[in-house]
Each structure stands twice: as C-alpha cells, then as structure tokens.
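Asks: Take this sequence and fold it.
(chains A and B)
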Amino acid sequence: MVNDVRALLQEAAATPPGDDTDLSAVLRAGRDRVRCRRRRTIGGLGLASVAVAGIVALTSITGTVDGGKDGPAGSRVPTPEGPVLSLREARQAVAGKQYDVLSSYANKDLNAANGEYYAGVSDDGLILFQDGPKGAHNRIRWALLDPQTGEKDWLPAHAIEANQRPIRVGADRIVIVTDVDGLGSGLRAEVFDRRTRAWSTLSWPGLPPSAEMLSAQVAPDGRLYVGVPAHTSEPPPGGWPTQPDGDAEDAGAGGDTYELWSASLTDASDVRDEGLVVGSFDFTRDSLVWSDATNGINRRIHVRDLATGVERDFDPRSGARCNLLGFGATADRIVLSQYCGTYANGRDDRVQILTADGRPVTTIQGDDIGGYIADAGTGDGHLVEIGSHFGDTEGTYVYDLDTDRLWQVTDKTAAWDVSGPTPRHRLLWGTPYGAGAGPDGMDQGATQWLVRWR
Amino acid sequence: MRERDEDAFVEFAQSARTRLRRTAYLMCGDWDRAADHVQEALIRVYVAWPRLTRAGREYAYARRAVVSVVLDHGRRRSSTEIPAEPDPQLSSGHDLAEAVTAREALLSVMAQLPPRQRACVVLRYFEDLSVADTARALGCSEGTVKSQTARALDRLRSVFEDSPLGELTLGGGTW
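Replies: Residues are numbered from 1 along each chain as shown, chains lettered A, B, ... in the order given. I've put the predicted structure just below:
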C-alpha cells in the first residue's frame, strides 16, 4: 500500500469540528493591543467621527469649561491648566521665509505597490533613502541620498525584512533596530559602518526577549537603551468601550511601566539592567528624562543629570484623564503628547510643553492631534511637529520651542508617512499625492518633503 | 484602526480562519487548541493590519503568526503546563498497530516529532510552501528547514515501513 503524505495531511484536516472562534473577542483584544501601541504611532491612527470646530472657540462659546479641570466623559472637551493654544492660532509658514525645501520625493501610486521613502537624515545632511519592503522576500534596499545633487549611494545589500526602524543616522554609523521574530518580540540591531561600508548584526543573549523594539534609542554614551515590560495595565472587565470608529475609549487608563536596560552596540555580551523602572524615557545631551508610567495616566516626571547623577522630579499636572502617548525632551523643554478622552464635541488630544523643571509653557489642544520633537536626531532638537488629521484644522504644524511660536506648514496630512531621526533644524513631513483619487476615495500616494527650518 | 480597515480585517479573518485552523491543528494535534492559537494569531494580525494591507501579504503574515503562537505555546507548555485531555480523534498510543487508518498513524507519529520538525512537514506538504517560504514562516535558515524536514520524513517513513500500513510517499515519489 502506498500512502501520500500530502493526501493524508489534507484528509486529516478535512473535517474540523465546528468553529466557535469569536471574532468579536479578536476585535476587542486587537483594539486593546492597538491602544497599547498607539503611543508610538501617534497621529497615524484614529479618526474621530464627530465634526467639531476649534476646541478653544467651542468651549468658550458654550461656557462648559470646568474651571480648568477635566470633566466627565460625555460632557464637552475640558480646558487644560495653564496657557492653551489652538491650532487655529497658528501662523502660516512660508517656504523661503520660515523654511527652505531641500528635497522632495513623490510616491505616485502606493495602492499598487510599496514605494521609496526618506527614513531619516544623517548628521552630515544625507537622506537615508529606503526602497521597500518589496518583492517576494519583502526586502529593503538602503541608500544615502545627497539632497543637493540627487545622487544615491546604495549601501551593500543586507537582508532586513519589513519590521525595522532606523534610530540613529550618524556620520559614522547607521543603526536600524528590528525584531527577532517578525512579530514585535525580541530586539536585534543592524549596524552599518559608513567608513568600512560593512553591515554587522547584533543581538544580545543577555537581553530579555521581551525587550520592546519600539522603545529603543541610542543615548549620548553610545549605548542602546530599551524598555523591558515590567507592568502592563489591564483593560477593565469586558474590555474598553469602543467609539463609533472602533477605537478603544481608554482615557484615564492605568499606565504601563518598563525596566530600563542598555546594551553595547559593539559587544553582544555587554548588557546592563539599569535598575530603573520607567514609563517613557528620552535622552538629551546631558540628561535622562523619564515618566513614571506611559500609555496611561502619568503623575511624575524625573530628570537625571548624566554627569552628576543628581535627580529631580515633579508633577507635570497633566489632565486627570490624560493618557501619556508620546514623550520627548530637550535641554530645556519636555513635550508630552496625550489622549485625554472623547467628548460630545470631539476628542481631547493635547501636546503639553513644560520647562525642564516642570513649569507650564503651553498646551496645544485639538481633535485628533499628536506631536513629537521632530529634529531630535542629534539630541538637541527644538521643533515639535504636530499632525492634525481631522476637520478644518487638518495639516502639519511646527511649534518652535525656541520662539514659542506655532506655524502651519501644510493643510493636509498624508495617508502614508514614514519618518526617522533628523538632525537639528531638519524636518520631514508628508503631503498627499492624488488626494482622494485612489480606490475607495483613498489618496493615490504621498510626497515627502525635507526642509531646513530657519 | 479605521472602520473601513476593520471591515477589511473581519472579511479577511472570516475567510482565512478555517485554513489557518487546519494548519494549526496539524501542528498541535488538537482542534480546540488550534482554535485558540488561531484566535491569538488573528489578534496579532489585527495589530499589524494597516502595514500588512499596504504590503499585500496578509495571509503569509497570519500563517507566520499561527506558527509562532503554536511554537511559543509548545515551549511554555514544556515547562509550565499540564497537558490537556487527549484529542479523541488521535490515536492515544504510539503503537501503530492500534492505528485504524494511515491518517491516524501519520498524526500519531507526527505528535512524537519535535515541534519545529512537525511545523516543517505541515508547511512544506500541507501548505505546499517552498523551502524559502517555510524558512521565512519559521524564522530560520533554508538549510535548517531542509535538515529538519529530512529528519522528520525519515522518522515518518521508517515507522510506516515497519508497519502493515505500507510505504509513505510524497506524491511525486521523491523525498
């Protein structure tokens, strides 16, 4: 008798018992996990479905401001403590006055195939150009593009699949982190030495496998710092309620914490548990700044002088329902991007800016906005890029931390966006290409712009 | 995720879950556990959905997620979990004489294979993946897939040859 393996396998799996997989449970759990990741991709997810005009204008007209304190869900968007800016107060930035365009690249049909992107800018002004992932193997090609000449210097081929993130584009080396299993777990670094033009791959046997790739960053000491999950807040029994667009309504969530670990970028055996539990963290040139919790309510911010080890901490006085989603620091400013609830008249999103000792500078408040320090590649950024994805304030904005002025630079945001580390004064932003002309009213593609801020 | 994307995800999940469950079943040998593994894999797919749809590789990612979940579960189970009730559809012992059909015999022997060898057999001969695609799904080299598959097939073939069930082939007649 002859038995064919393929036929036997097909036969064995041909008659499964009834499938009671609960897709609604999949959706609930998926939404909760998306919520956990949203802080990393802030601005790219979630469209509120309620039409709303400017937040400040509305709250002043309706008179529902709760004396500077947050109101309960279902009421109207509350006003934060301290000075507040609306995107409507932004001035229009003009090319040639506030900034100069150094380069642009259009992907004209991203619905048909993946494209090419500006994935960062090196300290010496070259664009890290990313082609892909493309092809049967989902491979990415990298080049250094000179914005002045348009010439590309293709880097030697190196197998990096889709789940990757450039975190340092230096004049000496490029560091790209990726996960080990393609599913977000584990951490590996692909390092390109620009002098020898050679790639090397680093993974650290001593690093806990749950190290979160998305938290990784290179500190002033040249080491890679990464968070290892310590405590993850649980959704309430039955899961978070969902909004009409399917997003979880999780304002006021308990936060998550991470153990801070560091690893050498040249020696795979050199791994350290830094003995610090953090929420979000960021490095300036001379300090480590961290929150007590992230992806939920945060009550405390800490600043450690890297030279002396002296620490100070303070209450950022964020709103009572504000989940900390994005976090960044400069020598004299701290920037917190927060989701603070959905109300009858829209989402309450905030970009809160504090001095390094905790005094309020301003809070930019809007519906479906998020912000981050965009020119932080060399640790001394001073420009906060804010994306507004909804309504008549849609567009990209820049808040200058040196002058405390808010500028609008585009009136549309791109459906596709890739960004990466850029040095001081350099910004990347995107605009739609063929807006609404693609399938199902989607944009056809996107144009990326590299500018020098004056 | 936007409502439009979520609708697309649900449509994908509904169409893919049966096939994914079959793959998971052949890898773990239990339909209920297979359903749990597929559910976890689909949650991972949901999280990655926006970038998956851009790259057009939803099913490959979902299959890879299933493989990862099953192998992860196997690792955890080996150290912490008490085995569940045996699947009544499987032969309970290792004696092929007890197996009523070649199908039961195959499942019984596969249950004794190391998890990655078993995954290689399922991906290569049930999913009909190439060596390269199997390597990608398992996150290992093509050489590892070849060696693990060869060991698994040697084991399957030798058990069948020593039984009254007859020869085991790959359809095309080559190993």
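
Asks: The stretch 201-350 of chain A: strands as residue ranges?
Replies: All strands of the stretch 201-350 of chain A, identified by DSSP state E, counting those that start in this stretch, fall at A:217-218, A:224-231, A:257-263, A:271-278, A:281-283, A:287-291, A:301-305, A:311-314, A:323-329, A:333-343, A:346-355.

Asks: ok, now chain B?
Replies: Applying DSSP state E to chain B gives strands spanning B:167-169.

Asks: Find the least confident helix or strand in it, judged by mean pLDDT.
Replies: helix B:58-80 (a mean of 72; mean pLDDT, DSSP states H and E).

Asks: Wait, A:K108 touches A:G438, no?
Replies: No. Using C-beta atoms under 8 Å, A:K108 is not in contact with A:G438; the gap is 10.4 Å. Where you see a C-beta, it was placed from the backbone N, CA and C, and this is true even at glycine.

Asks: Please say which of the two ends up with more neighbours.
Replies: Legend: neighbour count by other C-beta atoms under 10 Å in any protein chain shown for A:K108 and A:G438, higher for A:G438 (18 against 12).

Asks: can you give me the offset of stretch B:151-162 from its chain's centre?
Replies: Centroid displacement of stretch B:151-162 relative to its chain, using C-alpha atoms, centre = their mean, to the nearest Å, is 19 Å.

Asks: Report whether it contacts chain A.
Replies: Yes. Using C-beta under 8 Å from any C-beta of the partner chain, stretch B:151-162 reaches chain A at B:L153, B:L156, B:F160.

Asks: Can you tell me how far A:L144 is from B:T134?
Replies: Separation of A:L144 from B:T134 (C-beta to C-beta, to the nearest Å): 35 Å.

Asks: give me every residue that touches the most centrally placed residue in chain B.
Replies: Closest to where the C-alpha atoms of chain B average out (C-alpha atoms, centre = their mean) is B:M27, at 3.3 Å. Residues near B:M27 by C-beta atoms under 8 Å, 6 or more residues apart in numbering or on different chains: B:A34, B:V66, B:V67, B:V70, B:P115, B:R118, B:A119, B:V122.

Asks: Surely the first one is in contact with B:R17?
Replies: Yep, that's B:A34 we're talking about. No. Look at B:A34 against B:R17 with C-beta under 8 Å: they stay out of range, at 10.3 Å.

Asks: Compare neighbour counts for these two and give me the winner.
Replies: A count of neighbours by other C-beta under 10 Å puts B:A34 above the other of B:A34 and B:R17, at 26 against 21.

Asks: Tell me how far the more buried one lies from B:V47.
Replies: B:A34 sits 21 Å away from B:V47, going by C-beta to C-beta.

Asks: before we move on, what about A:V169?
Replies: Counting by C-beta to C-beta, the gap from A:V169 to B:V47 is 27 Å.

Asks: A:D315 now?
Replies: Where B:V47 is concerned, A:D315 sits at a distance of 33 Å (C-beta to C-beta).

Asks: where exactly do the helices run in chain B?
Replies: With DSSP state H as the criterion, chain B has helices at B:3-28, B:31-55, B:58-80, B:102-110, B:115-125, B:131-138, B:142-161.

Asks: so for the longest one, what's the average pLDDT?
Replies: Read that as helix B:3-28. For helix B:3-28, the mean per-residue pLDDT is 86.

Asks: mind listing what's buried in it?
Replies: Within helix B:3-28, the residues that qualify as buried by neighbour count (16 or more other C-beta atoms under 10 Å in any protein chain shown) are B:5-6, B:8-10, B:12-13, B:16-17, B:19-28.

Asks: Same check on the shortest one?
Replies: Burial within helix B:131-138, assessed by neighbour count using 16+ other C-beta under 10 Å, is assigned to B:V131, B:D133, B:T134, B:A135, B:R136, B:A137, B:L138.

Asks: which among the residues you listed gets closest to A:P236?
Replies: Taking C-beta to C-beta as the measure, B:A137 is the one of the buried residues of helix B:131-138 closest to A:P236, at 36.1 Å.

Asks: Now do the end-to-end distance for stretch A:140-157.
Replies: 9 Å (C-alpha to C-alpha, to the nearest Å).

Asks: buried stuff in that stretch?
Replies: Across stretch A:140-157, burial judged by 16+ other C-beta under 10 Å covers A:I140, A:R141, A:W142, A:A143, A:L144, A:L145, A:P147, A:K152, A:L155.

Asks: Which pair of the residues you listed spans the longest distance?
Replies: Maximum distance among the buried residues of stretch A:140-157 (C-beta to C-beta): 20.4 Å, for A:I140 and A:P147.

Asks: Restrict stretch A:268-276 to CA atoms and write it as CSV.
Replies: The C-alpha coordinates for stretch A:268-276 follow below in CSV (Å, rounded to 0.1, in the frame of the first residue of the first chain):
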residue,chain,number,x,y,z
ALA,A,268,26.9,41.5,22.3
SER,A,269,27.9,40.3,25.7
ASP,A,270,27.7,43.8,27.2
VAL,A,271,24.1,44.1,28.6
ARG,A,272,23.0,46.0,31.7
ASP,A,273,19.9,46.2,33.7
GLU,A,274,19.9,49.9,34.6
GLY,A,275,17.9,49.2,37.7
LEU,A,276,15.3,51.8,36.8
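
Asks: got a list of contacts for it?
Replies: Contacts with stretch A:268-276, where a contact means C-beta under 8 Å, 6+ apart, come from A:202-207, A:225, A:259-264, A:290.

Asks: What I need now is these written out in CSV, including neighbour count and pLDDT for each item.
Replies: Listed next are the contacts of stretch A:268-276 as CSV, based on neighbours: other C-beta atoms under 10 Å in any protein chain shown; pLDDT from 0 to 100:
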residue, neighbour count, pLDDT
A:L202, 18, 93
A:S203, 14, 91
A:W204, 22, 94
A:P205, 8, 91
A:G206, 12, 94
A:L207, 21, 94
A:Y225, 22, 96
A:E259, 19, 96
A:L260, 21, 97
A:W261, 25, 96
A:S262, 17, 95
A:A263, 24, 96
A:S264, 16, 95
A:W290, 25, 97
